[in-house]
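okay, predicted coordinates and the sequence, questions at the end:
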Amino acid sequence: MNQHVPAGTLSGDDLHRLKVDLAAAFRLTAEFGWHESVGNHFSAAVSADGKTFLMNPRWRHFGSIRASDLLLLDSNDASVMDGPAAPDPSAWTIHGTIHRERPSVRVILHCHPPYSTALATLKDPSLKPIDQNTARFYGSTAIDLGFGGIADEAEEGARLAGVLGNYKTLIMGNHGVTCTGDTVAEAFEDLYFFEKAAKTLMLAYASGQPMNVLSHEIAEKTAEGWHAYRGMADEHFAYLKSTLDRADLSYRD
């Protein structure tokens, strides 16, 4: 399964740290109830060109993922799908295509958290800015409304990569959510806050009362205000990993 890797690819301690962080993200996602049986996929680029990446093997429960389980894949080599531990077709379609066509994207976290997925089923699944957390994503979120079934066809992957464009977060209509980032901590923080934001919005919808949606100017100002708090992601993720360490260190293996 391991492929020839290009110059600039992480190795040694740097690669191990990335594997540990990605394994932690899987375990935490299972703890938070955001996973989907033994489906869904997370990936992280390891090469300078973004096209060689780590991803979970097919049908391995998020709650059992170890750093050593992660596959090293080449987005330009479809033969990786012939291996016995190959990812499932939808994983290759989404992650392989985005890593190949959007090499600047380093980490891709795709899953089906309950409130984010519920939001994605609405005719208008946009994340309306009604508080600080919802406004966090203002102007940085793309929406795909072209759902065509389980994403296991090349055309689906190309469309999703195109819709994501230069946005950080993708609401996948009738499907779920994908969050990206430069690091696992950054992408996981956005996944964490997106699910909180989606919960707030869905509860507001459920009230049946008119929502006080922020103006474009205030929503934009609030989103920009979050930039100063970017360091929260590292501290939050470090704390979350410490809770895993106290409970079960096996994710680091």
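Thanks, I have the structure now.

show the backbone phi and psi for Ile65.
When read as degrees, to the nearest 10, the backbone of Ile65 gives phi -60, psi 130.

distance of it relative to Met55?
In this structure, Ile65 and Met55 are separated by 11 Å, where distance is defined by C-beta to C-beta, to the nearest Å. For the C-beta atoms, the positions are set from N, CA and C on the backbone; glycine is no exception.

just Gly83 next, same as before
Gly83 sits 12 Å away from Met55, going by C-beta to C-beta.

ok, now Ala158?
For Ala158, the distance to Met55 (C-beta to C-beta) stands at 18 Å.

of those two, who's got more company?
Ranked by neighbour count (other C-beta atoms under 10 Å), Ala158 and Met55 place Met55 first, with 23 against 15.

stretch 80-100: end-to-end distance?
According to C-alpha to C-alpha, to the nearest Å, stretch 80-100 extends 14 Å from its N-terminal end residue to its C-terminal end residue.

how far out from the middle of the chain is that stretch?
The offset between the C-alpha centroid of stretch 80-100 and the centroid of the whole chain comes to 15 Å, using C-alpha atoms, centre = their mean, to the nearest Å.

residue boundaries of the strands in the stretch 151-253 of the chain?
169-172, 176-181 (DSSP state E, counting those that start in this stretch).

next, format these as JSON lines and append mean pLDDT.
As requested, the strands of the stretch 151-253 of the chain are arranged in JSON lines below (pLDDT from 0 to 100):
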{"stretch": "strand 169-172", "mean pLDDT": "98"}
{"stretch": "strand 176-181", "mean pLDDT": "97"}
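
out of those strands, flag the one nearest Ser75.
Evaluated with C-beta to C-beta, the strands of the stretch 151-253 of the chain place strand 176-181 nearest to Ser75, the distance being 14.8 Å.

which stretches of the chain have low pLDDT?
With pLDDT under 70 as the threshold, the chain has low-confidence stretches at 1-7, 151-152.

report the central residue of it.
The central residue of the chain, meaning the one whose C-alpha is nearest the mean C-alpha position (C-alpha atoms, centre = their mean), is Leu109 at 1.6 Å.
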